[in-house]
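> give me a 3D structure for the following:
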Amino acid sequence: MRIGEIAALAGVTPRTVRHYHHLGLLPEPERRPNGYRDYGLQHAVLLARVRRLTELGLGLAEVRDVLADDAGRELAEVLAELDADLAQQESAIAERRARLAELIRQAKDGTLPAEGPVSPELARLLGSLTASDSPAAAKDRAHLALLDSMVEPKDRDRLFTALQPLADDPEFSARVQELYERLDELADADGDDPRVRPLGEELAACMPDELIALMNESGEGFEESKGSFGEAFLADFSPAQAAVVRQMLATLSARAEELR
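Numbers count the residues shown, from 1 in each chain. Coordinates of the predicted model:
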């Protein structure tokens with residue numbers, strides 16, 4: 001048989017047959033006087049087996065192990081590994097579908113955060129925050145969504161869980177809303193505005209000791225961020241607002257040192 005004939009017989013393409021030759025999965029047959037490969041029935045049997053193995057999900061390197069005469073892994077071992085991989089993928093897919101179902105439900109009933117999709121912990125937190133037209137509040141929500149994707153899941157979950165009681169407290173929410181409005185008023189102010197220092201200190205005062213201790217424990221400091229990310233973060237604010245953030249971070253850093 002010529003290459004096109006054996007390829008058609010095994011249900012693959014001639015290009016696939018050539019690739020299997022290149023990888024050593026299929027031995028080269030003898031050639032006819034005219035130079036064409038001359039395939040026999042055993043080549044077709046082997047080619048069909050390679051196809052069946054790949055259809056199960058085995059990689060070509062794993063197929064080579066199965067077909068090898070020496071030092072090859074047993075087929076049962078390879079298939080068991082494949083089954084374990086598929087079970088893991090199945091679990092991950094089920095988890096993702098459950099998450100998607102929740103997001104679809106939120107989208108239908110109008111509770112999906114504008115910053116979504118976010119983690120369930122952050123979704124609960126954002127859903128508890130008082131609705132506000134404040135640009136500073138909107139920016140804070142966006143920063144929380146960024147944090148949601150940056151930190152390790154265990155640290156993220158602990159942080160948002162610790163913030164949840166504050167979001168559920170009407171008095172605290174009203175206080176934070178008032179601070180947001182004062183921050184908005186600094187949108188066109190200079191960095192040396194006299195309102196900067198007291199506002200930064202009051203924002204820092206809203207952070208409970210429990211959260212500062214959590215940040216200390218996780219290794220996250222309150223020092224002003226360095227490098228390109230820190231510069232980009234502060235550049236997201238007007239000069240006076242950036243000065244407020246610096247003052248807030250400096251105050252929190254001092255409190256964190258006291259709690260260590």
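> walk me through the domains of this structure.
Using automatic domain parsing, the domain parsing of the chain gives 3-69, 74-112, 114-259.
> and these as JSON lines, adding mean pLDDT and mean neighbour count?
Heads up, the C-betas are built off the backbone N, CA and C, glycines and all. What follows is the domains of the chain, written out as JSON lines (pLDDT from 0 to 100; neighbours: other C-beta atoms under 10 Å):
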{"stretch": "domain 3-69", "mean pLDDT": "89", "mean neighbour count": "15"}
{"stretch": "domain 74-112", "mean pLDDT": "84", "mean neighbour count": "12"}
{"stretch": "domain 114-259", "mean pLDDT": "85", "mean neighbour count": "16"}
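> residues contacting residue 60?
By C-beta atoms under 8 Å, 6 or more residues apart in numbering, the residues touching residue 60 are 23, 25, 54.
> please narrow these to those residing in helices.
23, 54 (DSSP state H).
> name the element the residue nearest the centre of the chain belongs to?
In the chain, the residue lying closest to the centroid (C-alpha atoms, centre = their mean) is residue 149, at 6.2 Å. Per DSSP states H and E: residue 149 is located in helix 135-150.
> and that helix, what other elements does it pack with?
helix 120-128, helix 153-167, helix 170-184 (3 or more C-beta pairs under 8 Å, 6 or more residues apart in numbering; DSSP states H and E).
> figure out which of these is closest to residue 197.
Closest approach to residue 197 among these is made by helix 170-184 (12.5 Å; C-beta to C-beta).
> could you export the closest one as CSV, CA atoms only?
Extracted as CSV, the C-alpha positions of helix 170-184 are listed here (Å, rounded to 0.1, in the frame of the first residue of the first chain):
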residue,chain,number,x,y,z
PRO,A,170,-24.7,51.2,58.6
GLU,A,171,-22.8,53.7,60.7
PHE,A,172,-19.5,52.6,59.4
SER,A,173,-20.8,52.8,55.8
ALA,A,174,-22.1,56.3,56.3
ARG,A,175,-18.7,57.4,57.7
VAL,A,176,-16.8,55.9,54.8
GLN,A,177,-19.3,57.6,52.4
GLU,A,178,-18.6,60.9,54.0
LEU,A,179,-14.8,60.4,53.6
TYR,A,180,-15.3,59.5,49.9
GLU,A,181,-17.2,62.7,49.3
ARG,A,182,-14.4,64.7,51.0
LEU,A,183,-11.8,62.9,48.8
ASP,A,184,-13.9,63.8,45.7
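> what's the helix or strand just after it in contact with?
Per DSSP H and E, helix 170-184 leads on to helix 196-205 as the next helix or strand towards the C-terminus. With contact meaning C-beta under 8 Å, 6+ apart, helix 196-205 is reached by 179, 182-183, 186, 189, 240, 243-252, 255.
> just give me how far helix 196-205 sits from the chain centre.
Distance, stretch centre to chain centre, for helix 196-205: 33 Å (C-alpha atoms, centre = their mean, to the nearest Å).
> got the end-to-end distance for stretch 60-76?
Using C-alpha to C-alpha, to the nearest Å, one end of stretch 60-76 lies 16 Å from the other.
> pull the residues that contact stretch 79-86.
56, 57, 58, 62.
> just checking, which of those belong to helices?
Among the contacts of stretch 79-86, the members falling in helices (DSSP H) are residue 62.
> could you dump the contacts of stretch 79-86 into JSON lines with distance to residue 30 added?
As requested, the contacts of stretch 79-86 are exported to JSON lines (distance: C-beta to C-beta, whole Å):
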{"residue": "56", "distance to residue 30": "31"}
{"residue": "57", "distance to residue 30": "33"}
{"residue": "58", "distance to residue 30": "29"}
{"residue": "62", "distance to residue 30": "29"}
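> for the contacts of stretch 79-86, which one is nearest residue 175?
residue 57 (56.7 Å).
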